[in-house]
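J.: structure for the following, please:
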Amino acid sequence: MGILNTTPDSFSGDGIGLNVSHAVEKGVEFVKEGANILDVGGMSTRPASMYGSVDVVSEEEEISRVLPVIKLLVSEVDVPISIDTYRSSVASIALSEGATIVNDIWGFKKDPLMSSIVAEAGAHIVLMHNTDDPEYDDVVSDVIADLGNTVAKAIRRGVDPSKIIIDPGIGFAKNSEQNLEIIRRLAEFKKLGHPILIGTSRKSTIGMVLDLPVDQRLEGTAATVALSIANGADVIRVHDVKEMSRVATMTDAIVRGWNH
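T.: Residues are numbered from 1 along each chain as shown. Predicted coordinates for the structure are as follows:
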């Protein structure tokens, strides 16, 4: 999954603002480099506690950022388009214009209408773990329990179980030690019975371990991607598609067998 941030304030510094043509060119390039999904976002989701104040844009602004990109990408690439949003209004319009996946960093917790939008569209949904109250007895067990409840609610609200993807939420409401433990114990999330998406790309935990700024975290990202795949990840969400596609292919060949 290649990340397309149509924002000026992405934590990773790769936001492309309102440059629609640049975004589409980048998306096309990502697909050539190995991306199987393109994830388009119009509002930075960086944690304010880590990166300072975050510009919470209006729904209208978010839509104006992502919609032109999605419209063009649908006709330019032959891979699924994901909309990275927790707002049902944004998701609804994106789905109507050709997106087929919703990537909700709040797992239906912030917008009660999101589940019905996803269910009615028959879309795939990424349900990420996030919380305003990050208190854990055992971070892995607690996140699994929370995601289990989220999945159950989604199914009760009409979401197709076969279209649910879970994301443990690396970097969201968790400290570095907890993030590393989740990667280490990622196989435990398989008990939920849904594909696992992992997003570690360039994140602060890598910066803390290696003491490196965001633009020097490629190797650290590669390590987290390889270990996540080895421990059961099915989808990796990344900024550096060419490099991480190669890491994923090599790791898959070792872990799941080389198809040649």
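J.: show me where the stretch 1-150 of the chain has strands.
T.: Counting by DSSP state E, counting those that start in this stretch, the stretch 1-150 of the chain forms strands over residues 2-5, 38-41, 81-84, 101-104, 124-128, given from the N-terminal end onward.
J.: mean pLDDT, mean neighbour count and distance to residue 168 added to these, as TSV?
T.: To be clear about C-beta, it is placed using only N, CA and C from the backbone, and glycine gets the same treatment. Output for the strands of the stretch 1-150 of the chain, formatted as TSV (pLDDT from 0 to 100; neighbours: other CB atoms under 10 Å; distance: least, CB to CB, whole Å):
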stretch	mean pLDDT	mean neighbour count	distance to residue 168
strand 2-5	96	27	17
strand 38-41	98	26	17
strand 81-84	99	27	16
strand 101-104	99	26	14
strand 124-128	99	25	8
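J.: out of the ones you listed, which is closest to residue 59?
T.: strand 81-84 (12.7 Å; CB to CB).
J.: can you give the strand pairings for the closest one, parallel or anti for each?
T.: In the sheet containing strand 81-84, its partner strands are strand 38-41 (parallel), strand 101-104 (parallel), by DSSP bridges.
J.: kindly reformat these as JSON lines containing distance to residue 79.
T.: What follows is the strands paired with strand 81-84, written out as JSON lines (distance: least, CB to CB, whole Å):
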{"stretch": "strand 38-41", "distance to residue 79": "6"}
{"stretch": "strand 101-104", "distance to residue 79": "10"}
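J.: how about the strands in the stretch 151-260 of the chain?
T.: 164-167, 197-198, 235-236.
J.: pick the most deeply packed of those.
T.: Greatest average neighbour count among the strands of the stretch 151-260 of the chain goes to strand 197-198 (a mean of 26), per mean count of other CB atoms under 10 Å.
J.: if we can go back for a sec, what's the closest of the strands paired with strand 81-84 to residue 243?
T.: strand 38-41 (16.9 Å).
J.: any idea how far that closest one is from the chain center?
T.: The gap between where strand 38-41 is centred and where its chain is centred comes out at 8 Å by CA atoms, centre = their mean, to the nearest Å.
J.: export it as PDB, just CAs?
T.: Provided in PDB are the C-alpha atoms of strand 38-41 (Å, rounded to 0.1, in the frame of the first residue of the first chain):
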ATOM      1  CA  LEU A  38      -2.900   3.400  -3.200                       C
ATOM      2  CA  ASP A  39      -4.000   5.100   0.000                       C
ATOM      3  CA  VAL A  40      -5.100   8.700  -0.500                       C
ATOM      4  CA  GLY A  41      -5.400  11.000   2.500                       C
END
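J.: can you give the contact residues for it?
T.: The list of residues contacting strand 38-41 from outside it, by CB atoms under 8 Å, 6 or more residues apart in numbering, reads 1-7, 23, 27, 30-31, 66, 69-70, 73, 77, 79-85, 94, 99, 101, 103, 237.
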